[in-house]
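A.B. asks: give me a 3D structure for the following:
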Amino acid sequence: MAGGARGIGRRRLLRGAASLAGLAWSGGVRAHPPRALTFVTPLGYQVAFAPDLVGKADGYFEREGLDVTLEGGLGGGQNLQQVLSGHALLSRAGGAAIMKAIADDGAPLVAIATIDQGSPFFVISKRTAPVRSPHEMLGKTIGVIAKGGGTENLLDAMLTAAGIAPDAVRREAVGDSPGAFGLVEAGRLDAFIGALGTLIALRTAGAPIDSFSTDLFAPLPGDAYVTSRAAIARESDTIVRYLRGVRHAIDAILSDEAMDRTLGQLDSFDIAMLKDGPAAKATLKATKALWLAAGKKALLHNVPKRWQRGRDLLARIGAVRPGPASEFYTNELIDKVFAELPPERGTHKRHLG
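C.D. replies: Numbering: from 1, shown residues only. The predicted structure is shown next:
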């Protein structure tokens with residue numbers, strides 16, 4: 001949930017500033033009441049969700065005429081169920097989870113923008129007993145964030161791509177926190193898959209870890225914004241306005257080289273990592289690099305080659321049926337957002353692979 005008692009005063013200040021800024025943005029006149037909507041994260045509140053959190057805290061959504069409620073998800077794909085049920089209009093999820101939900105379950109979902117152009121997940125093990133490839137996982141126990149979730153999909157994809165049957169590796173749900181490394185040190189796990197923030201928290205704490213990106217063995221689309229097809233048909237303009245707010249937030253975050261202002265805005269949410277300033281800055285810096293991993297011209301776009309390569313890999317492991325990846329995503333809405341930009345930024349869609 002958005003911050004506890006320590007953040008109440010700051011949140012009120014942020015809301016007041018955002019309200020004034022919203023009036024300035026719209027010329028001081030509101031023709032219509034703000035459209036209320038809910039965005040649910042994949043799992044709790046994290047630095048990785050900065051575009052959405054800053055969009056709320058700094059008033060970018062309000063300036064778009066939106067009253068956004070940000071809910072912290074519980075993991076395990078429950079956020080996608082909330083989108084399908086209509087409780088939430090939007091969420092984020094890994095490309096593999098989106099493709100499986102659509103191809104396996106027939107879920108009427110669609111990815112409308114990719115935020116992480118590289119994998120935000122890493123296999124983390126003990127330096128004195130490193131696990132550095134799928135072959136070194138044979139017969140071992142690997143931790144995943146949640147059973148049936150995106151990290152288990154990544155584990156199965158890495159194993160199958162290496163010619164290893166997924167059931168040759170035991171897996172255990174351990175959540176996503178630095179505490180999972182304690183299970184490795186205790187011998188209950190041989191390694192675990194954790195998000196970027198967890199990796200950096202362990203590094204800054206000086207933990208004796210070894211790690212590698214899941215992209216090395218399973219290059220799948222990273223986190224993407226997702227909604228239902230019914231929502232697009234019903235209110236595509238609302239979704240475009242949300243994405244526009246995200247884009248403005250990203251522009252502000254990228255221009256904040258010192259990152260102090262951004263982290264100050266995130267402080268209005270309960271994010272444990274913010275207690276460790278160096279780790280939070282390192283995580284935000286690495287997160288921004290993921291946004292730009294396919295180049296500035298691909299910012300927020302679904303890159304066709306990466307999505308098709310990901311689908312082909314998942315088809316090899318039997319997770320989805322073969323076919324064109326274009327059925328899983330659309331760039332039409334994000335194209336509308338970038339069409340408003342100057343020509344040098346607004347024409348990037350022609351350069352996507």
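
A.B. asks: next one: stretch 195-207 to chain centre, how far?
C.D. replies: Computed by CA atoms, centre = their mean, to the nearest Å, the chain-centroid distance of stretch 195-207 equals 18 Å.

A.B. asks: quick check: closest non-adjacent residue to the residue nearest the centre of the chain.
C.D. replies: Closest residue to the average C-alpha location of the chain: Asp223 at 3.9 Å, with CA atoms, centre = their mean. Excluding the flanking residues, the one nearest Asp223 by CB to CB, 6 or more residues apart in numbering is Asp116, at 4.2 Å. Glycine gets a C-beta too; all of them are placed from N, C-alpha and C.

A.B. asks: so what's the residue count around that neighbour?
C.D. replies: Residues near Asp116, counting by other CB atoms under 10 Å, number 22.

A.B. asks: could you do Pro120 as well?
C.D. replies: Neighbour tally, Pro120, other CB under 10 Å: 23.

A.B. asks: return the residues in contact with the nearest residue to it once chain neighbours are set aside.
C.D. replies: In space, and not counting its chain neighbours, Pro120 is closest to Leu196: 4.7 Å by CB to CB, 6+ apart. Applying CB atoms under 8 Å, 6 or more residues apart in numbering to Leu196 gives the contacts 48, 120-122, 283, 286-287, 290.

A.B. asks: so Gly143, which of the three states?
C.D. replies: Following DSSP: H, G, I helix; E, B strand; the rest coil, Gly143 is assigned to strand.

A.B. asks: quick one on the thing from earlier: how far away is the residue nearest to Pro120 from Thr227?
C.D. replies: 24 Å (CB to CB, to the nearest Å).

A.B. asks: I'd like the contacts of Leu196 written out as a markdown table, with pLDDT added.
C.D. replies: As requested, these are exported to a markdown table (pLDDT from 0 to 100):
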| residue | pLDDT |
| --- | --- |
| Ala48 | 93 |
| Pro120 | 89 |
| Phe121 | 93 |
| Phe122 | 96 |
| Thr283 | 92 |
| Ala286 | 93 |
| Thr287 | 95 |
| Leu290 | 94 |
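
A.B. asks: can I get the buried ones among these as something I can paste into PyMOL?
C.D. replies: Those of the contacts of Leu196 that count as buried under 16 or more other CB atoms under 10 Å are selected in PyMOL with:
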select buried, resi 48+120+121+122+283+286+287+290
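
A.B. asks: just the contacts of Leu196: which are in strands?
C.D. replies: 121-122 (DSSP state E).

A.B. asks: tell me the one of the contacts of Leu196 nearest Ser268?
C.D. replies: Ala48 (16.5 Å; CB to CB).

A.B. asks: right, and that closest one touches Thr287 too?
C.D. replies: Yes. If you go by CB atoms under 8 Å, Ala48 and Thr287 touch, sitting 5.3 Å apart.
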